[in-house]
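Q: Pasting the sequence and the predicted coordinates here, then a few questions.
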Amino acid sequence: MTPEQVAAASRPLVLELGEIFSRHPATLRRARLLGISGWAFYITGRAGALGDVRAETAAAALGFIAPEAVADGWDAAARTVRPLDVAGANLAECCRWGAEQLGDTPQVSHLSGLLERAVDAADASGMPLFAAWRSMPVPERSPGARAAVALLLLREHFAGAYLLAVRAAGMTPLEAVLAGPEGEAGAAACGWSPPYPPPGPLVRRRLWAEAVTDRLTATAFRAFAPGEGPELLNLLTAARLHLSGGQK
């Protein structure tokens, strides 16, 4: 497989696995312990890696969430706790979830090693949120925690590349969400308010943007030896199956 093919095949798995921890009950409990809502924790837990920036900057980095919805979560959290502290708490929950849920995944040490190599090799140009997350110190180094953190980072890399590709395709983030599989439901979940533009003419542009995303993220997989790309895909698939049957 070429690096671009590995990027295309791994993208849906990474996007799914890289955010499962954020919906886990223990992660949501951490939000309550900080005195903020689950939405404020999600927004600031992701964008907080950028530090004490304005809500507009956080919204620009997140891209696909409506700026007003970002501001609601960001400003609410900022009244109680520093953004970087929320990001640190989010990372700690990611590690905890990874240690508990991925620790007994088959070949988890090898999976974490491959994912970390991809993260290290990824080009962060034009992706400030990914770059910020990659510089965050990881509080736990067990194989499961390492795999979970690497999935989080690689997910931010894919998301950042897709945002660049969407803009290059002449689409707004809202149009990209509408042209996706969840359509208007996805737009509403991301805080965008109707009326929405019709998605029909946008679908071809979205497909082009996804292809560009795979080209942009292929750099992360160029360090792989022949055969390691399919190996990564097999391990990601095994991790997904493990989680579907063993969530605690």
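A: Great, that's in hand.
Q: Identify each buried residue in stretch 24-32, please.
A: His24, Thr27, Arg30, Ala31 (16 or more other C-beta atoms under 10 Å). Using the backbone N, CA and C atoms, a C-beta is placed for each residue, glycine as well.
Q: Alpha carbons only: can I get it in CSV?
A: Backbone C-alpha positions of stretch 24-32 (Å, rounded to 0.1, in the frame of the first residue of the first chain) are rendered in CSV as follows:
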residue,chain,number,x,y,z
HIS,A,24,-17.2,7.8,28.2
PRO,A,25,-19.0,8.4,31.5
ALA,A,26,-15.8,8.9,33.4
THR,A,27,-14.7,11.7,31.0
LEU,A,28,-18.0,13.4,31.5
ARG,A,29,-17.6,13.1,35.2
ARG,A,30,-14.3,15.0,34.9
ALA,A,31,-16.3,17.9,33.4
ARG,A,32,-18.6,18.0,36.5
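Q: for the record, mean pLDDT for it?
A: Average pLDDT, stretch 24-32: 92.
Q: Next: stretch 137-148.
A: Averaging pLDDT along stretch 137-148 yields 94.
Q: buried ones in it?
A: Across stretch 137-148, burial judged by 16+ other C-beta under 10 Å covers Val138, Glu140, Ser142, Pro143, Gly144, Ala145, Arg146, Ala147, Ala148.
Q: Gly35 and Arg79 touch, don't they?
A: No. In terms of C-beta atoms under 8 Å, Gly35 does not count as a neighbour of Arg79; the distance is 9.4 Å.
Q: tell me what the lengthiest helix in the chain is packed against?
A: Ranked by number of residues, the top helix in the chain under DSSP state H is helix 143-168. Packing partners of helix 143-168 (3 or more C-beta pairs under 8 Å, 6 or more residues apart in numbering; DSSP states H and E): helix 3-17, helix 83-97, helix 108-121, helix 128-134, helix 173-178, helix 203-217.
Q: Buried deepest among those, which one?
A: Among the helices and strands packed on helix 143-168, helix 173-178 has the highest mean neighbour count (mean count of other C-beta atoms under 10 Å), at a mean of 23.
Q: Quick check: buried residues in the helix or strand just after that helix?
A: Downstream of helix 173-178, the next assigned helix or strand under DSSP states H and E is helix 183-189. Applying a neighbour-count criterion of 16+ other C-beta under 10 Å, one finds Gly186, Ala187 buried in helix 183-189.
Q: same check, this time on stretch 48-68
A: Buried-residue list, stretch 48-68, by 16+ other C-beta under 10 Å: 48-50, 53, 55, 57-67.
Q: Which of the three states applies to the residue sitting furthest away from the middle of the chain?
A: Relative to the centre of the chain, the most outlying C-alpha is that of Pro195, 27.5 Å out, by C-alpha atoms, centre = their mean. Taken by DSSP: H, G, I helix; E, B strand; the rest coil, the conformation at Pro195 corresponds to coil.
Q: related to what we said a few turns ago, export the buried residues of stretch 137-148 to JSON lines and tack on distance to Leu163?
A: Putting the buried residues of stretch 137-148 into JSON lines (distance: C-beta to C-beta, whole Å) gives the following:
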{"residue": "Val138", "distance to Leu163": "24"}
{"residue": "Glu140", "distance to Leu163": "29"}
{"residue": "Ser142", "distance to Leu163": "32"}
{"residue": "Pro143", "distance to Leu163": "31"}
{"residue": "Gly144", "distance to Leu163": "29"}
{"residue": "Ala145", "distance to Leu163": "27"}
{"residue": "Arg146", "distance to Leu163": "26"}
{"residue": "Ala147", "distance to Leu163": "25"}
{"residue": "Ala148", "distance to Leu163": "23"}
